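> Predicted coordinates and the sequence they were generated for:
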Amino acid sequence: MADMTLTLKIWRQKDRKSPGKFVTYTVENVSEHMSFLEMMDVLNEQLIKKGEDVVEFDNDCREGICGMCSLVINGRPHGQEHGTATCQLHMRKFKDGDIIVVEPWRAAAFPVLKDLAVDRTAFDRIMAAGGYTSINVGGAQDANAIPIAKRASDEAMDAASCIGCGACVAACPNASASLFVAAKISQLALLPQGQIERRRRAANMVAQMDKEGFGDCSNHAECEAVCPKEISITHIARMKREYFKAMALGE
Amino acid sequence: MKLDSKIPEGPLAEKWDKHRFKLKLVNPANKRKYNIIVVGTGLAGASAAASLAELGYHVKNFCIQDSPRRAHSIAAQGGINAAKNYPNDGDSIWRLFYDTIKGGDYRSREANVYRLAQVSNNIIDQGVAQGIPFAREYGGLLDNRSFGGAQVSRTFYARGQTGQQLLLGAYSSLMRQVAKKQVQLITRTEMLDLILVDGKAVGITTRNLITGEIATHMADAVVIATGGYGNVYYLSTNAKNSNATAAWRCYKRGAAFANPCFTQIHPTCIPFSGDYQSKLTLMSESLRNDGRVWVPKKRGDDRAPNDIPEDERDYYLESRYPSFGNLVPRDVASRNAKDVVDDGRGVGPSKVAVYLDFADSINRLGENVIREKYGNLFDMYERIIDENPYKTPMMIYPAVHYTMGGLWVDYNLMSNIPGLFVLGEANFSDHGANRLGASALMQGLADGYFVIPYTIGDYLATNKATKVPSSHHAIEESVALVHDKMDKLLYIKGEKTSTEFHRELGKIMWEYVGMARDEAGLNKALEEIPKLRDEFWQNVRVSSDKNLMNKDLEFTGRIADFLELGELMARDALERNESCGGHFRLESQTDEGEAKRKDDEYAFVSAWEYKGEGKKPALHKEKLVFDNVELTQRSYK
């Protein structure tokens, strides 16, 4: 396939306080083998040479696991390819002459830092509220002293594969962080190691999510549809059960 | 410069226990009086910050990303080794120690490696207690798989995401300490200099990557856990933000840099496709458990892989190394891939790749079993290459992956600068000239959970905290240095972007300081790199705002450092006129083309001392003593 020429409409915003706007750019010689972020690199190289400010976008591992990349591409977090983070989206999914709209995650709890980069530290604070087992280094028993059914362990692993990118929030009409929070609560609720603090964890993490300004879950399931790790909303159902139990029985 | 490795006396198996007893302690009530800076939040950094905070120290933990959970440890796929011997297949602490020393081609310290094997089991226990969902058997116990360089199954794993799960475990412990206010987490902040007072590490100078603000942070000890320097090669399996700047600043402040030429080229990565490419993607070594590596026997064979009949395929690892087969160590697998490609038998559009074929395993075990073990890796491959690896063999080729070299440390993981500790990939200590698969996670966590909590106490107990006034000239000098470098970069306003320079540096490094090295090539690199560096300082163009978020400025600063480090790597490679592990000198090979060590001349650690701008660094040698293993030619035949 011949190289493509694309029109990009990119959200530019100087900093947290300034208003932003869309700016249109043309990128030529885009190979189908490039990743989306490599195409953005090509644009930035052009901007540097022209003496313009580069477009800021968060990215790091570029293999779909660190969760640093984001971008709402043509209205969809991480673009149109199912189960794929932006960094693993390839340009063969686009065609010559396409107009592509690129925006940051939009949520009150994720303020824009610059252009397409947002502040996701709210996720860290939710983790700090209880996303752990309260054990210190040193006293752990032998690893095989805790047998765990393979099915429970596998399901916990499904939840634990969350990369903390925040696409679930960006896709949700309520900007809820339920899928992210549920993934951690569910992982630990499924495992014997998580039982001791099960109720406390659910109560505290959900409370912190509310405090950060994320919305509530009203079962739209948009989060599951865009999750690059395809984490199931059944974990949200489990989180709700855990939360109600914590409230009813007292955390 | 005096390098004292501080290896304890006594029999190997007793060294660590005896040493721990001799280390001075800080009493619990006094721990809260000490401040410790930890730079980096990967496996080593996060585990160290959490463990030190649990003990009661005040910790400031820095990372360049938006969250500690982004550190590149997260991308480690295959697994973590431990000497549990759960499969009952003959493993032991001694065997893990022996495999690691041998895998490293006898260029690491016996005492360090033995300790690593000893604490390996505690790491698995700790991980399970944190709730890490390691793979399990139906009986509920932990599953193991095999990795290169070992004939036992000692690798614990969580699908193809072991690094992610271990890092999230360490991160969760860290966040618990953040909630308790024992750790102050400072994200999106880059360490740009080390501050020394009276020769001791007492603080760091940083830049806030959102506002551009330059600040200083003071502490009683500084712990560097900032990972490796594989990105010197431009293309590597490292993350885009992985860099050597923090470690390089320490080197320029007097910390010795050890074995810089020891880099690991990982045999199973997705091949290079074009100039725009920003990174290479690793396919876990665990794939070699079930995949068979081959190329056509005939040169220039253009047939599709499935059209090449069995008897016209060369399963070269199985035929050359019958006892280890596809599971030879990484350096051996990589070099053999290069050999067959150089021989004109490479495959794929570029002809710079070999096949990794799962057809036999799929026939034997069924596609479902393979999908369960490696599904996410196969999906990733298909997304990048647009071919289905269940049907068509994968194409793979070696890529830069890990750096065994790093800042020199003693047995306590302290550098030659008092108060400066270095953990994980950033130090040089445990892997010699080649790291075995699934050992990086083990080492990072061993350092952070089980070594530094003991050894740092000894330093703090014996070194009275010095209160440094904020007006101290060392602080002012450091801040000025950081400002100057940045202003200089912004002032140039040249023609070429830093990425263009980085790509050129990468080409020089890959060509001359890559999988095979020789004197002529290394001398060429030593000419080319300084030339490129001079051009960089005259002709680089940087996106201009230093008071806003500006990744281009961050990257340009790091590339300036890579342009210096690359030269030191070439110099070290030239100086070491032997082959060992990942360092292959064409001048030094056996009749069969394997790496040939010269133990009489080179059984030492090269530790380089910075001598100032434009001056040749000085080489110091720490002799390696082997009392417990016999140095033999490594054989995986």
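Looks like it came in fine.
> CA atoms only for stretch B:463-482, dumped as PDB, please.
C-alpha atoms of stretch B:463-482 as PDB (Å, rounded to 0.1, in the frame of the first residue of the first chain):
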ATOM      1  CA  ASN B 463      27.400   8.200  59.400                       C
ATOM      2  CA  LYS B 464      26.100  11.000  61.500                       C
ATOM      3  CA  ALA B 465      23.500  13.000  59.600                       C
ATOM      4  CA  THR B 466      24.900  16.300  58.500                       C
ATOM      5  CA  LYS B 467      22.500  19.200  58.300                       C
ATOM      6  CA  VAL B 468      23.300  21.000  55.100                       C
ATOM      7  CA  PRO B 469      22.100  24.700  54.900                       C
ATOM      8  CA  SER B 470      20.100  25.500  51.800                       C
ATOM      9  CA  SER B 471      22.600  28.200  51.000                       C
ATOM     10  CA  HIS B 472      25.400  25.600  50.700                       C
ATOM     11  CA  HIS B 473      27.600  26.200  47.700                       C
ATOM     12  CA  ALA B 474      27.200  22.600  46.500                       C
ATOM     13  CA  ILE B 475      23.500  23.100  46.200                       C
ATOM     14  CA  GLU B 476      23.800  26.400  44.300                       C
ATOM     15  CA  GLU B 477      26.500  24.900  42.000                       C
ATOM     16  CA  SER B 478      24.200  21.900  41.200                       C
ATOM     17  CA  VAL B 479      21.200  24.100  40.400                       C
ATOM     18  CA  ALA B 480      23.300  26.300  38.200                       C
ATOM     19  CA  LEU B 481      24.700  23.300  36.300                       C
ATOM     20  CA  VAL B 482      21.200  22.000  35.600                       C
END
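> Now do the buried residues in that stretch.
Within stretch B:463-482, the residues scored as buried using 16 or more other Cβ atoms under 10 Å in any protein chain shown are B:468, B:472, B:475, B:478, B:479, B:482. (C-beta placed from N, C-alpha, C; glycine too.)
> For stretch A:10-24, measure first residue to last.
For stretch A:10-24, the separation between the terminal residues is 6 Å (Cα to Cα, to the nearest Å).
> State the phi and psi torsions of the closest residue to chain A within chain B.
Taking Cβ to the nearest Cβ, chain A has its nearest neighbour within chain B at residue B:140, 3.1 Å off. Residue B:140 adopts backbone torsions of phi 90, psi 0, taken as degrees, to the nearest 10.
> What is the burial count for it?
Residues lying near residue B:140 (other Cβ atoms under 10 Å in any protein chain shown) number 14.
> mind checking which helix or strand the nearest residue to residue B:127 once chain neighbours are set aside is in?
If the residues on either side of it in the chain are set aside, residue B:127 comes closest to residue B:169, at 5.5 Å by Cβ to Cβ, 6 or more residues apart in numbering or on different chains. Here residue B:169 sits within helix B:162-179, counting by DSSP states H and E.
> next structured bit after that helix?
From helix B:162-179, the next helix or strand downstream (DSSP H and E) is strand B:183-186.
> Now do that next one: which elements does it pack against?
Contact here means 3 or more Cβ pairs under 8 Å, 6 or more residues apart in numbering or on different chains; DSSP states H and E; on that basis strand B:183-186 packs against helix B:43-55, strand B:58-62, helix B:162-179.
> In the sheet, which strands lie alongside it, parallel or antiparallel?
The pairing partners recorded for strand B:183-186 under DSSP bridges are strand B:58-62 (parallel).
> What lies in contact with the strand it pairs with?
Around strand B:58-62, the neighbours that count as contacts under Cβ atoms under 8 Å, 6 or more residues apart in numbering or on different chains are B:32, B:34-41, B:45-46, B:49, B:52-53, B:68, B:174, B:177, B:182-187, B:189-191, B:204, B:206, B:217, B:219.
> Repeat that for stretch B:591-606.
B:105-107, B:109, B:258-261, B:331-332, B:335, B:339, B:408, B:428, B:572, B:575-581, B:583-584, B:588-590, B:619-624, B:626, B:631, B:633-635.
> And the pLDDT at residue A:1?
In the predicted model, residue A:1 carries a pLDDT score of 59.
> So is the longest helix seen in chain B next to chain A?
Using DSSP state H, we find that the single longest helix of chain B is helix B:551-575. Yes. Under the criterion of Cβ under 8 Å from any Cβ of the partner chain, chain A is reached by helix B:551-575 at B:551, B:552.
> Next SSE downstream of that helix?
helix B:599-602.
> what comes up buried for that following helix?
Buried, per 16+ other Cβ under 10 Å, within helix B:599-602: B:599, B:602.
> Would you list the strands that the very next helix or strand once past it pairs with, along with their directions?
Sequence order places strand B:604-609 as the next helix or strand after helix B:599-602, per DSSP H and E. According to DSSP bridges, strand B:604-609 forms sheet pairs with strand B:257-258 (antiparallel), strand B:618-623 (antiparallel).
> For chain A, tell me whether the next helix-or-strand element following the first one is touching it.
Secondary structure here is assigned by DSSP H and E; on that basis, the next helix or strand after strand B:257-258 toward the C-terminus is strand B:263-269. No. If you take Cβ under 8 Å from any Cβ as the test, strand B:263-269 misses chain A, and the best it gets is 10.6 Å.
> So which elements touch strand B:263-269?
Checked by 3+ Cβ pairs under 8 Å, 6+ apart, strand B:263-269 has helix B:330-340, strand B:394-403 packed alongside it.
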